[in-house]
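Asks: can you look at this prediction? I've put the sequence above it.
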Amino acid sequence: MPSLLRSLKKRENDAWRWMAAHAGVSARAAGSRIARFFRASTQEITILLVPHTERPSRGLRIPLYGLVLAGTLVAGMLGGAAYFLLSAGSITRKLSVSDSAFSAVKTERDQLQDQISLFDKAYRGFKAALDSENAALGRTGAASLSGATGFPFAPRALFAKRPTALQEIEAASASLDAATGPMEEYGKAIQQMDQIKETVPAVWPIKDGAGHMSFPFGPEPNPFTGEMYFHTGIDASTYRSGDPIVATGDGVVVFAGVDGGYGRCVFIMHAHGYYTRYGHMERILVYTGQKVKQGQVIGLIGMTGVATGPHVHYEVIIGSQYVDPLDYLWSDTHATTVISQGPSDHD
């Protein structure tokens, strides 16, 4: 065993000596090559310039490393130019594709505008037919919700900005959908008023028929600005606050609270697509979701919201149309009496 260990130790020492000797040779060879490179880089190349005249020739001495550096710079510039040309071609192709996409979008936009024009024409035809039907039924002066204060249930803030073309289409479609069903009921309800007068808004909005109409339905000068505007209901007044306001037909209260210029307001849904609204109340005596009967007191006359005096602003709405509430009073005598206007108290 000792002889084996000595043999292994001897071989290990021989291997280390061989590696050290070869490492030294390799290091000396690498140093020699580096020295030769630096010596060669300091050498110069002479370029002889011979003129075509009798002037003497001149020599231009350039270090070898300078020549290598200049060649490297020239190669880099040529490579950069080639890359720029390739990139410019790629950008040109992308711009061409973008122009094609833009043309396609423009064509689609033009087609959409044509469709909007056709829809608008159809919608105007529908409104003309609806107005003709109203005239034939003796219901003149009906106002479209889209041209007045907005759909009854929509917050008024939604109509503060001018809508886009697509929003106008959506609003018109909603108006058509909302009006189609109720209008079918509209004709039937007009013919059967005597039979259904408890379920439609057919009485004067102030208890016991008190008061008078202080401002009519339709186009009238605005009391605040003097400019013409469409008054979407009538104003009924007794010259004082606190008189009882009644529901003009059986229904369900769908809103009871403050609504912008209407002040304290009650909104009632009746059968057959009818709605009524009562504004500027001093006090509300019903709550949302409550069922009410025709003639039931729902609030007191006041001047909350935008008003020039105590009164109730009263609206009748069918589907998506504001109509003249006086057309729905079943008592001709009472209708004739209240039409005689007193001093103007209105919103």
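Replies: Perfect, thanks for sending it.
Asks: relative to residue 234, how far out is residue 249?
Replies: For residue 249, the distance to residue 234 equals 16 Å [C-beta to C-beta, to the nearest Å]. C-beta: built from backbone N, CA, C; applies to glycine.
Asks: ok, residue 262 next?
Replies: Applying C-beta to C-beta, the value for residue 262 to residue 234 is 14 Å.
Asks: quick one: contacts for the nearest residue to residue 216 once chain neighbours are set aside?
Replies: Among residues not flanking residue 216 along the chain, residue 234 sits closest, at 6.0 Å (C-beta to C-beta, 6 or more residues apart in numbering). Residue 234 is in contact with 213, 215-217, 313-314, 324-326, counting by C-beta atoms under 8 Å, 6 or more residues apart in numbering.
Asks: quick one: those as JSON lines, columns for pLDDT, neighbour count and distance to residue 99 too.
Replies: Shown next, in JSON lines, are those (pLDDT from 0 to 100; neighbours: other C-beta atoms under 10 Å; distance: C-beta to C-beta, whole Å):
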{"residue": "213", "pLDDT": "92", "neighbour count": "23", "distance to residue 99": "65"}
{"residue": "215", "pLDDT": "89", "neighbour count": "20", "distance to residue 99": "60"}
{"residue": "216", "pLDDT": "92", "neighbour count": "18", "distance to residue 99": "60"}
{"residue": "217", "pLDDT": "92", "neighbour count": "24", "distance to residue 99": "56"}
{"residue": "313", "pLDDT": "95", "neighbour count": "26", "distance to residue 99": "58"}
{"residue": "314", "pLDDT": "96", "neighbour count": "23", "distance to residue 99": "60"}
{"residue": "324", "pLDDT": "94", "neighbour count": "18", "distance to residue 99": "57"}
{"residue": "325", "pLDDT": "93", "neighbour count": "24", "distance to residue 99": "60"}
{"residue": "326", "pLDDT": "91", "neighbour count": "18", "distance to residue 99": "62"}
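Asks: among those, which lie within strands?
Replies: With DSSP state E as the criterion, strands contain 213, 215, 313-314 from among the contacts of residue 234.
Asks: tell me how many other residues surround residue 277.
Replies: 22 (other C-beta atoms under 10 Å).
Asks: what distance separates stretch 101-117 from the centre of its chain?
Replies: 20 Å (C-alpha atoms, centre = their mean, to the nearest Å).
Asks: flag every buried residue along it.
Replies: Within stretch 101-117, no residue counts as buried by 16 or more other C-beta atoms under 10 Å.
Asks: and it, what's its mean pLDDT?
Replies: Stretch 101-117 carries an average pLDDT of 75.
Asks: just checking, residue 33 is part of a helix?
Replies: Yes: Residue 33 forms part of a helix when assessed by DSSP: H, G, I helix; E, B strand; the rest coil.
Asks: list the contacts of it.
Replies: If you count contacts by C-beta under 8 Å, 6+ apart, residue 33 has none.
Asks: elements contacting the top strand by length along the chain?
Replies: Longest strand in the chain by number of residues (criterion: DSSP E): strand 274-284. On a contact count with 3 or more C-beta pairs under 8 Å, 6 or more residues apart in numbering; DSSP states H and E, strand 274-284 meets strand 251-258, strand 264-269, strand 297-301, strand 312-318.
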